Every structure is written in C-alpha cells, then in structure tokens.
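Trainee: I'll drop the sequence and a predicted model, then ask my questions.
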Amino acid sequence: MVTSLVNLVNLLFQIYSYMIIAYILMSWFPQMRGTQIGEVLGKLVEPYLQPFRKIIPPIGMMDFSPLIAYFALDFIRRGVIIVIAYLFGGF
C-alpha cells in the first residue's frame, strides 16, 4: 500500500514538473501562452511560480525563478515521500 501511495505521489509531482517545463518552454514562443493549453497551464503553474518571482529578480532578460521553483518542487516531493514513509511504516 505504501509503495503504491509513493508511486502516486511521484506521478503527480512528475506531471506537475512537466507542466512547469512546458510552461517555461512556452515563454520562448509568446503566442503559445495565448492558446487554450497555455492559459490552462498558466492558471495551474503561475500560482506556484509567483512566490519565487517575488524573491528572485530577473537577471537581465533571464528569469531564473522557474528553475529554482522546479528544484524546490523536487525537494518538496522528496520530503512528502519521507513523511509518507514515516507515517505508514516505510516501504
């Protein structure tokens, strides 16, 4: 049971990570953010990215906050898995 819960958590975090990557890549093609997919991704990803953008200012024309947010998401994923393992008695 714990293994399947960990697998589910990993899958959800992985999907969200891919959404962040897709949203970042869409910034290279501004017209993509105006599409339906771009708008949906924006509504799902921007609330997570906003706190990072407030803390980390852009350097020149480069915004590194999504990269930091991506790594923070992986850190959070690992923490959630450790908590699940602790609460449910390991794998």
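Mentor: Yep, that arrived. Numbering: from 1, shown residues only.

Trainee: can you give me the helices for the chain?
Mentor: 2-26, 36-55, 65-87 (DSSP state H).

Trainee: burial of Ile37, as a residue count?
Mentor: 12 (other CB atoms under 10 Å). All C-beta atoms are positioned from the backbone trio N, CA, C, and that covers glycine.

Trainee: what comes up buried for stretch 47-61?
Mentor: Neighbour counts over stretch 47-61 (16 or more other CB atoms under 10 Å) mark 48-49, 52-53 as buried.

Trainee: can you tell me which one of those sits lowest on pLDDT?
Mentor: Note: of those, the lowest pLDDT belongs to Arg53, at 92.

Trainee: could you export stretch 77-84 as CSV, CA atoms only?
Mentor: C-alpha atoms of stretch 77-84 as CSV (Å, rounded to 0.1, in the frame of the first residue of the first chain):
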residue,chain,number,x,y,z
ARG,A,77,8.5,15.8,-3.4
ARG,A,78,11.3,14.1,-1.5
GLY,A,79,10.0,15.5,1.8
VAL,A,80,6.5,14.3,1.1
ILE,A,81,7.7,10.8,0.3
ILE,A,82,9.8,10.7,3.5
VAL,A,83,6.8,11.8,5.6
ILE,A,84,4.6,9.2,3.9
